[in-house]
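Engineer: Just need the structure, nothing else, for what follows:
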Amino acid sequence: MVQVKRQDRRKVYEYLLLEGVIVIKKDMALPLHAETGVKNLEVWMLLRSLRDKKLVDLVFSWQYYYYYLKAEGVKYVRDKLGIVEDVIPATFKKADKKFEDDVPERRGPRGNKPFGRGGNRGPRRAEEQTETAQQ
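Structural biologist: The predicted structure follows:
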């Protein structure tokens, strides 16, 4: 068990509460965690402890640990930090922007029907027909 200073624990909990997720590289010899400035091993041990209490979810991918804060974890971290309930993690907030509006509609040359399996082949075939008609 690694003993973590109170101020370092507070930094990790504050970051976790604001972001809702924390990413840790699986390199325990790394001197400092990039986002918090605390030793990487200490950050990993703190979050492993929270995971044992079922307050965060863990996803491991490509040598990185992704810890996501649960609703019970938000309450626990708020109690530990002594913060009122008006702080909400970024992952709990709804996105204001609708992504469907940004994506242009893909429509084929036949009006409202989308492209078929072959993609947009209408103009290319028309060019081929004009070339053969000229010859």
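Engineer: what about Ser49, neighbour count?
Structural biologist: Around Ser49 there are 14 other residues, counting by other CB atoms under 10 Å. (Each C-beta comes from the backbone N, C-alpha and C, glycine too.)
Engineer: Now do the same contact list for it.
Structural biologist: Remark: with contacts taken as CB atoms under 8 Å, 6 or more residues apart in numbering, Ser49 is in contact with nothing.
Engineer: how close does it sit to Val4?
Structural biologist: 9 Å (CB to CB, to the nearest Å).
Engineer: Kindly report the same for Leu17.
Structural biologist: Separation of Leu17 from Val4 (CB to CB): 16 Å.
Engineer: pull the CA atoms of stretch 74-89 into CSV?
Structural biologist: In CSV, the C-alpha atoms belonging to stretch 74-89 read as follows (Å, rounded to 0.1, in the frame of the first residue of the first chain):
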residue,chain,number,x,y,z
VAL,A,74,-19.5,11.6,-7.4
LYS,A,75,-21.2,11.6,-4.0
TYR,A,76,-18.2,10.0,-2.3
VAL,A,77,-15.6,12.4,-3.8
ARG,A,78,-17.8,15.4,-3.0
ASP,A,79,-18.0,14.2,0.6
LYS,A,80,-14.2,13.7,0.8
LEU,A,81,-13.5,17.2,-0.7
GLY,A,82,-16.3,18.9,1.3
ILE,A,83,-17.8,20.4,-1.9
VAL,A,84,-21.5,21.3,-2.4
GLU,A,85,-23.6,19.6,-5.0
ASP,A,86,-23.4,22.2,-7.7
VAL,A,87,-20.2,20.7,-9.2
ILE,A,88,-21.0,18.2,-12.0
PRO,A,89,-18.4,16.1,-13.8
